[in-house]
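[1] need the 3D shape of this:
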Amino acid sequence: MDVGELLQFKPLLPQKRGLDGGGEEQRRAGTELVPAAKRRAPEVERKPHSETRRDEGDGETDRLQRDRGERETRKREEEEREKIMKLVEEQGEGEAMDASAVRRMILSFEKKSLKNQEMRTKFPDNPERFMESELELHDEIQQLRAIATVPELYPLLVDLGTVQSLLGLLIHDNTDIAIGVVDLVQELTDVDTLNESEEGAEALVDALMKGQIMSLLVQTVERLNESVQEDANGVHNILGITENMIEFRPEVARVAVQQGLMPWLLKRLKSARGTFDANKLYASEILAILLQNHKDNRETLGELNGIDTLLQCLSYYKRRDPQSTEEQEMLENMFDALCSTLTCVPNRDRFLKAEGLQLMILMLKEKMMSRCGALKALNYTMSNVEGAASCNAFVEIYGLRSLFPNFMKFPKKAKKGLTETEHEEHVISIIASLFRNLNSANKARLLQKFQEDNFAKVERLMELHWKYAQKVGAVDREIEQEQLDMNEDEIADMRDDFYLRRLDSGLFTLQLVDYIVGEVCVHGGDEANHRVHTILAQHKESIKNVKKVLREYADTVGDIDDKITRDLERQRLLSLLSEL
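    Predicted structure coming up:
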């Protein structure tokens, strides 16, 4: 690493996300240490200097003090650059940092940490006596950032006990010290850095997990006051550490929830309802990550009353659209978290009791951006046999009135969100789930919808049949052409790949459409059945085309984990086929 790179690396910690309202002056201020006694003083004393100056109304004084503050900040940065320069010169200009240099840095850090401990113990009620040692300790923590450039030397941090020393400082009485450690760990755990040295990364992450870093981070984040910019940066970097470690080692997601992160995330999303900031966006992203692939975490969210919290947060957007792309991303993250949670069956009951169906129906009516997420959530809560209660409740609270306008056409003025294909897939999946799960009375109400307006919905259903049949047919012809140059063994090896390509082209949506066609023909009355056959004949096809798709669907039912349930579903499809 050359001198220029190290100098550029030191003064300012790069972040994976930007924080709104930071500004260059605030970012520089984030590197300065504020005495603990002052930072934890009453709110009047913690009031930003700029705000105090505005209250006094003295514009000239404001300018002079700001200029002086900027000069002091530049002076401090220059001093830090000189310290790094001195360190580089000790190693030999142009040489990479080696183990000896790292040991010297660690030794210096440990000495300053021990000195600060002793001074705080000696003079617990006299901050002026231990503040100098605190400043020195803060500077040493900043110096350690340079180790992030040599991840292959991370095992040294572990062997010399530095990782445990750093973790101990997360509960330091002065939150500026804790924030400094957070900034350092965020840099050390950057995924790109970890990937440079597998051995070093494993050693570091093992040591962090052994030291229960997630529990310590939760304790730290609960102490921070985000109205102070340095604290807000610290919260952001705590979330960054969490994301880094989950990306490197996915099982950290389960540990993070076990050690108390989820309650804070839910509280952070619920705080200041209707407001938006970068940390709230990041919290929504981390929550969605925690729930994505971990059943235990979904159950925990339900037990923490997280379904109700998510619905409260989402309800703000039933009549409002996000005001920026970042806020839209937060809305999508919250819907993703909700949908992941709804794959856990007990959470569907909680969703019903919290009147989640009513909120989703309102979103469909209002036609705001939240409509996209509402369709997705309805699809999740109604799917499979576990969605029977949601399906019947949906019809009983007049949800069909809001659903079928979305079935008849894709909104031309649709907000950014679902594509036309995604929109159609969700709506069709919901209708298919309704046919599968409704009791006889509610199913009659659903069938009645296809008879309204001179069977307009039957005609729309057949339009979708042609649309997706053409897409799948085009891919089928491509596959047939490719198979001409293959032998039987090669075709067998590629069978799964071919099937995935067909699914990507819309095969699953076609199967659901034709399943609905079958239900309408068998149970929708003679007129509906006649209308389907007439439309097929007009396109020189017959019901055999629909039956062929349904037979393949019955043979490949595989998204149900329980074998008994899967067999029952296959039998139901075959029974419908026999009646066509």
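[2] any regions of the stretch 1-150 of the chain where pLDDT drops low?
    Across the stretch 1-150 of the chain, the ranges flagged by pLDDT under 70 are 1-96.
[3] same thing with the chain?
    Applying pLDDT under 70 to the chain flags residues 1-96, 412-416, 558-562.
[4] for it, what spans make up the strands?
    When assigned using DSSP state E, the chain turns out to have no strands.
[5] now the residue nearest the centre of the chain, nearest residue through space, not along the chain?
    For the chain, the residue lying nearest the average C-alpha position, counting by C-alpha atoms, centre = their mean, turns out to be residue 285 (2.8 Å). Sequence neighbours aside, residue 333 is the residue nearest to residue 285 in space, at 5.2 Å (criterion: C-beta to C-beta, 6 or more residues apart in numbering). Any C-beta I mention is one placed from the backbone N, CA and C, and that applies to glycine too.
[6] same thing with residue 244?
    Using C-beta to C-beta, 6+ apart and skipping residues adjacent in sequence, the residue nearest residue 244 is residue 189, 4.2 Å away.
[7] wait, doesn't that neighbour sit right on residue 204?
    Yes: the criterion here is C-beta atoms under 8 Å, and residue 189 meets it with residue 204 at 7.2 Å.
[8] show the contacting residues for the residue nearest to the centre of the chain.
    Shown in contact with residue 285 (C-beta atoms under 8 Å, 6 or more residues apart in numbering): 243, 329, 330, 333.
[9] report the buried members of these.
    243, 330, 333 (16 or more other C-beta atoms under 10 Å).
[10] residues contacting the second one?
    This means residue 330. Counting by C-beta under 8 Å, 6+ apart, residue 330 has contacts 276, 280, 281, 284, 285, 322.
[11] which of these sit farthest apart?
    Of all pairs drawn from the contacts of residue 330, the widest gap by C-beta to C-beta lies between 285 and 322 and measures 14.7 Å.
[12] residue 250 versus the nearest residue to residue 435 once chain neighbours are set aside, what's the distance?
    Beyond its immediate neighbours in the sequence, the residue positioned closest to residue 435 (C-beta to C-beta, 6+ apart) is residue 519, lying 4.7 Å away. For residue 519, the distance to residue 250 under the criterion C-beta to C-beta, to the nearest Å works out to 41 Å.
[13] the two - which one has more neighbours?
    Legend: neighbour count by other C-beta atoms under 10 Å for residue 519 and residue 250, higher for residue 519 (21 against 13).
[14] show me what contacts that one?
    Each residue near residue 519 by C-beta under 8 Å, 6+ apart is listed here: 435, 447, 576.
[15] any of those residues buried? List them.
    Members of those that pass the buried threshold by neighbour count (16+ other C-beta under 10 Å) are listed as 435, 447, 576.
[16] the second one contacts residue 522, correct?
    No: at 10.2 Å, residue 447 does not count as touching residue 522 under the criterion of C-beta under 8 Å.
[17] generate TSV for the buried ones among the contacts of residue 519, with distance to residue 344 as supplementary columns.
    Written out in TSV, the entries for those read as follows (distance: C-beta to C-beta, whole Å):
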residue	distance to residue 344
435	24
447	31
576	30
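[18] wait, which of those residues is closest to residue 457?
    Minimum separation from residue 457 among these (C-beta to C-beta) is found for residue 447, which lies at 10.3 Å.
[19] could you give the number of residues near the nearest residue to the closest one once chain neighbours are set aside?
    Ranked by C-beta to C-beta, 6+ apart and with sequence neighbours excluded, the top spatial neighbour of residue 447 is residue 524, at 4.9 Å. Residue neighbour count, defined by other C-beta under 10 Å, stands at 24 for residue 524.
[20] okay, now the closest residue to residue 332 other than its chain neighbours: neighbour count?
    When the adjacent residues along the chain are set aside, residue 332 lies closest to residue 373, with 6.8 Å between them (C-beta to C-beta, 6+ apart). Other residues near residue 373 number 22, with proximity taken as other C-beta under 10 Å.
[21] and for residue 108?
    When neighbours are defined as other C-beta under 10 Å, residue 108 has 16 of them.
[22] how close does residue 480 get to residue 468?
    With the distance defined as C-beta to C-beta, residue 480 ends up 18 Å from residue 468.
[23] more neighbours, the two?
    Neighbour tally, residue 480 and residue 468, criterion other C-beta under 10 Å: the higher count belongs to residue 468, 25 against 10.
[24] contacting residues around the closest residue to that one other than its chain neighbours?
    Beyond its immediate neighbours in the sequence, the residue positioned closest to residue 468 (C-beta to C-beta, 6+ apart) is residue 510, lying 3.9 Å away. Shown in contact with residue 510 (C-beta under 8 Å, 6+ apart): 465, 468, 469, 471, 472, 549.
[25] of those residues, closest to residue 260?
    Within the contacts of residue 510, the smallest distance to residue 260 is 46.7 Å, found for residue 468 (C-beta to C-beta).
[26] so the closest one touches residue 512, yeah?
    No: under the criterion of C-beta under 8 Å, residue 468 lies out of contact with residue 512, with a separation of 9.2 Å.
[27] residue 397 and residue 350, how far apart?
    Distance check for residue 397 against residue 350: by C-beta to C-beta, it reads 17 Å.
[28] the two - which one has more neighbours?
    With other C-beta under 10 Å as the criterion, residue 397 and residue 350 differ in neighbour count, and residue 350 comes out ahead with 20 against 14.
[29] wait, what's in contact with the residue nearest to that one when sequence neighbours are not counted?
    Taking C-beta to C-beta, 6+ apart, and ignoring the residues beside it in sequence, residue 350 has residue 307 as its nearest neighbour in space, at 4.5 Å. When contacts are counted by C-beta under 8 Å, 6+ apart, residue 307 is found next to 301, 338, 341, 347, 350, 351, 354, 356.
[30] swap the cut-off to 10 Å and go again
    The contact partners of residue 307, by C-beta atoms under 10 Å, 6 or more residues apart in numbering, come to 301, 337-338, 341-342, 344, 346-354, 356.
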